[in-house]
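Asks: Turn this into a structure:
(chains A and B)
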Amino acid sequence: MRLKLVPQNTSFDFFSRWKIWLGISALMMVVAFTSFMLQGLNFGIDFRGGTTIRTQSTQEIDVGVYRDALAPLELGDVTITEIFDPSFGPDENVAMIRIQAQEDAEAVTSEVIDRVGEVLAVADPGLNLPFESVESVGPKVSGELIQTAVIAVVLAIGAVLVYIWLRFEWQFALGAVAALVHDVILTIGIFSELQIRFDLAIIAALLTIVGYSLNDTVVVFDRVRENLRKYKKKDLKEVLNISINETLSRTVMTSVTTLLALISLYVLGGDVIRGFVFAMIWGVIVGTYSSVFVASTILLWLGVKRDWSKPSNTSGNQFANIDA
Amino acid sequence: MLQINTWKRVLIWSVCVIGLLMALPNAFYTRVEQSNDAKTEIELGIDTPEIQAKAGQWPSWLPSLLVNLGLDLRGGAHLLAEVKVEDVYESRMEAMWPEIREALRDERATVGTIRKQQSSPDEIRVLISQPEGMTRALEVVRGLARQVQTLTGVGATDIEARAEGDTIIVQLSEAEKLASDDRTVRQALEIIRRRIDEVGTREPTIQRQGADRILIQVPGIGSAGELKEIIGTTAQLTFNPVNGPANSLEDVVRPGQKVVPSLDEGGRLYVIDAAPVVTGEELVDAQPSFDQNGRPAVSFRFNTSGARKFGDYTLENIGAPFAIVLDDEVISAPVIQSHIPGGSGIITGDFTVEESTNLAVLLRAGALPAGLEFLEERTIGPELGQDSIDAGKVATIIAFAAVLIFMALSYGLFGIFANVALIINVGLIFGLLSLIGATLTLPGIAGIVLTVGMAVDANVLIFERIREELKSAKGPARAIELGYEKALSAILDANVTTFITAVILFAMGSGPVRGFAITLGLGILTSVFTAIFVTRLMIVLWFERRRPKMIEV
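Replies: Sure thing, here's the model as predicted:
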């Protein structure tokens, strides 16, 4: 007996309500964008500069006490958040203290860290010293990191656009990239909406989402290309529907195995990478959705040249037939 | 039909076996690590039964390369420092001034009297009282310039002089600034490396980044502050009067005196005056050389004030012993034979040529050539690292198990083939990581988990395709063959695109992100290999034995 998530033969019509799907996507993108404009992102020190200190204490942490203890040091903007994780024992109480970038120094000096340690040890006798981790990034580097991150995402999307254009046709490339942009915007949107810390690792997650979403889109497109040659008489909408249905079982299978792995990491992987894994889980869901409903719909919209018998300067190109 | 050449089969299995063997040491991490450390010590000549036993914990015929653990897993400190290369311009200009002054004084008849003006630290402004002699003055100053080797070729000199009214402005040329920056950063890098090596921690990373930055990562160190202290300390050379021998380090001495051990005469102790006569800060040069008996030595030269102090002291204390002390250890304690007026001297000791060269470098390079500004500091405690490793391990195992069960349920026997391939796949990733000496970071573990999830994709594509082909009622062999054939282009396109993003991530990212890119990229390579070759080979082997009339995927 086999476990089958998707029946053997499906014939869903994915385009009967394409306006609704595109509408939903557009609406979510607007929400994401608005949230980004209004609240912005909760940038971590990688992008904003400043210092984070991870503290651990055997006693229950009172954020107010910490804040009062740190106030006399005049460190500027200080945020203290307590962190909870199922893996922590009862005597493991963890907090994250974030201190804004100091004006006189690029990175925070060790004297400041020592002072913070001293005053907190007075306020909280259960505090473990030295701190679990201390990370400090100067404004100079954080500015560069933002720049590099943006370049990396743009480069990745650009490179993919070129690759798909070489292997398929420009309509496919546009469809795939529309799906990617959709995924990236929605991911940034949810980070803004929920104010989850956005740091360097999230950029890595974003690029992975780009890779994953593309993976899905390419598999569907590959089948579309094949079916366009097979069913020369059918119209594009029908061919797209057949292709998506044929690959549906695979799409679901791969998403499920990936999600299984990611959820295990989300629950058990510790709090340090939870934000990172969250981004990827969200990305897998959005990426799977977008490869069916965004990429293909855009392809339908743009239309594809159907006559593959005559070579012409627009129909694919010499790279399209490499079946290595 | 379904055929794979014998030599191809051998090749596929050998890749798997070699990969898994390379991965094996990581399963016994602590043991292999201890054994490797012990072997290094034996090579260095330290050989005790205890070390031998440790070295024997891992047989030497097995591969012993390990995956490096990143700072976020092992704990340690990370610093990104910017070398303030401009500091050097200032001292260069200061050193230039006496030379310019002398040269211009010789031309007093044409240029008149000269006066140094206030200026920014990286230039010299000289006012001359006879502006009509400016052409000659510039000629003289430019005559002091030296040629600089540049990539662009000839013509560049180290200083530039120009006139502004009756003032001459002297600056380092752009070419010289570039060359000087490069020298400064190299020198700083060398000094930092030396300092950290002295402390002897495991596998520090000390790299130049860009034009003027240095990245320092030291696993196992307590904090970034501690690391900064290590980098900041300079080799402290002093010349102190000797009061006599001591019996133990705890000997009671008069105030203002202290007991220091000898560097190479084991057990010998000296009582010296705590206040030095001259310090290494007044050294201007140190070179490896040889004494009159042809033994390796280090010759040195003091600046003017140092030379005067040294000269006065040697004149007054002929016949008295005198200690040359480096970092509170006496290198040698010669007796002053005569007055040494010129400010230069020679340190003799029981040196090898290499030691004398090192000492000269240490003295010359004593202090960092320029200040460091720390742009980024990270300290990760060893416990947090261990927690992350533990959590990562558990998460990976559970993720693995979930995917294995799911695949077996979905595809039956074929799912089990895919599972075996998946296990080999993760083994290969670790094997490759060990082979290239890559660093595993926490996001890197996430990359592996993600690979576990995505690696089955290629197999899923193939299996789904085989299912489809079976529907059109071709024989099972034909269906399998077609399944592989037709799924190939999708597998390739899908993985190439993901690989592109991994490469970009590697090129643009740093630290942990780069660790993620490495595991993701390697994971793509190994998963394509295992899906296309390993599962196929397994299916072919099974098919050859059973020759089933019907298959169910």
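
Asks: mean confidence score for stretch A:276-292?
Replies: Averaged over stretch A:276-292, pLDDT sits at 89.

Asks: what about stretch A:252-260 and chain B, any contact?
Replies: Yes. For stretch A:252-260 and chain B, the contact criterion (C-beta under 8 Å from any C-beta of the partner chain) is met by A:253-254, A:256-260. Any C-beta I mention is one placed from the backbone N, CA and C, and that applies to glycine too.

Asks: Alpha carbons of that stretch, as CSV, please.
Replies: Output in CSV follows, covering the C-alpha atoms of stretch A:252-260 (Å, rounded to 0.1, in the frame of the first residue of the first chain):
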residue,chain,number,x,y,z
VAL,A,252,3.8,18.1,-3.6
MET,A,253,6.2,15.3,-2.7
THR,A,254,9.3,17.5,-2.8
SER,A,255,7.6,20.3,-0.9
VAL,A,256,6.5,17.8,1.8
THR,A,257,10.0,16.2,2.2
THR,A,258,11.6,19.7,2.3
LEU,A,259,9.1,20.9,4.8
LEU,A,260,9.5,17.8,6.9
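
Asks: Run a quick neighbour tally on B:Arg545.
Replies: B:Arg545 is flanked by 8 other residues according to other C-beta atoms under 10 Å in any protein chain shown.

Asks: Okay, and it sits in which element?
Replies: Using DSSP states H and E, B:Arg545 sits in helix B:535-546.

Asks: Which parts of the stretch 101-250 of chain A are helices?
Replies: For the stretch 101-250 of chain A, the helices defined by DSSP state H, counting those that start in this stretch occupy A:110-123, A:139-167, A:170-193, A:200-230, A:236-268.

Asks: In the stretch 351-500 of chain B, what residue spans correspond to helices?
Replies: Counting by DSSP H, counting those that start in this stretch, the helices of the stretch 351-500 of chain B are B:353-364, B:382-435, B:442-471, B:476-508.

Asks: Can I get the buried part of the residues of stretch A:252-260 next to chain B as one PyMOL selection?
Replies: Of the residues of stretch A:252-260 next to chain B, the buried ones go into a single PyMOL selection, burial set by 16 or more other C-beta atoms under 10 Å in any protein chain shown:
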select buried, chain A and resi 253+254+256+257+258+259+260
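
Asks: which residues sit in contact with the residue in the stretch 1-150 of chain A positioned nearest to chain B?
Replies: Of all residues in the stretch 1-150 of chain A, A:Ser110 sits closest to chain B, at 2.9 Å by C-beta to the nearest C-beta. By C-beta atoms under 8 Å, 6 or more residues apart in numbering or on different chains, A:Ser110 lies in contact with B:223-225, B:228.

Asks: Just name the most buried of the helices of the stretch 351-500 of chain B.
Replies: Among those, ranked by average contacts under mean count of other C-beta atoms under 10 Å in any protein chain shown, first place goes to helix B:442-471 (a mean of 26).

Asks: helices and strands around it, which ones?
Replies: Helix B:442-471 sits against helix A:200-230, helix A:236-268, helix A:274-290, helix B:382-435, helix B:476-508, helix B:511-529, with contacts defined as 3 or more C-beta pairs under 8 Å, 6 or more residues apart in numbering or on different chains; DSSP states H and E.

Asks: any idea how far the residue nearest the centre of chain A is from B:Trp58?
Replies: For chain A, the residue nearest the mean C-alpha position is A:Leu206 (3.6 Å; C-alpha atoms, centre = their mean). Here A:Leu206 is placed at a distance of 41 Å from B:Trp58 (C-beta to C-beta, to the nearest Å).

Asks: circling back: just to check, the residue nearest to the centre of chain A is in contact with A:Leu186?
Replies: No. Contact criterion C-beta atoms under 8 Å: A:Leu206 and A:Leu186 do not qualify, at 10.8 Å.

Asks: Skip the chain neighbours and tell me the closest residue to A:Leu41.
Replies: Nearest residue to A:Leu41, sequence neighbours excluded (C-beta to C-beta, 6 or more residues apart in numbering or on different chains): A:Phe198, at 4.4 Å.

Asks: Show me what that neighbour is bridged to.
Replies: Bridge pairing for A:Phe198 (DSSP bridges) gives the partners A:Phe43.

Asks: before we move on, the earlier item: what is the mean pLDDT for the helix holding B:Arg545?
Replies: On average, helix B:535-546 scores 87.

Asks: circling back to that earlier point, TSV for the helices of the stretch 351-500 of chain B, including distance to A:Arg2 and mean pLDDT?
Replies: Listed next are the helices of the stretch 351-500 of chain B as TSV, based on distance: least, C-beta to C-beta, whole Å; pLDDT from 0 to 100:
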stretch	distance to A:Arg2	mean pLDDT
helix B:353-364	70	68
helix B:382-435	6	89
helix B:442-471	10	84
helix B:476-508	17	86
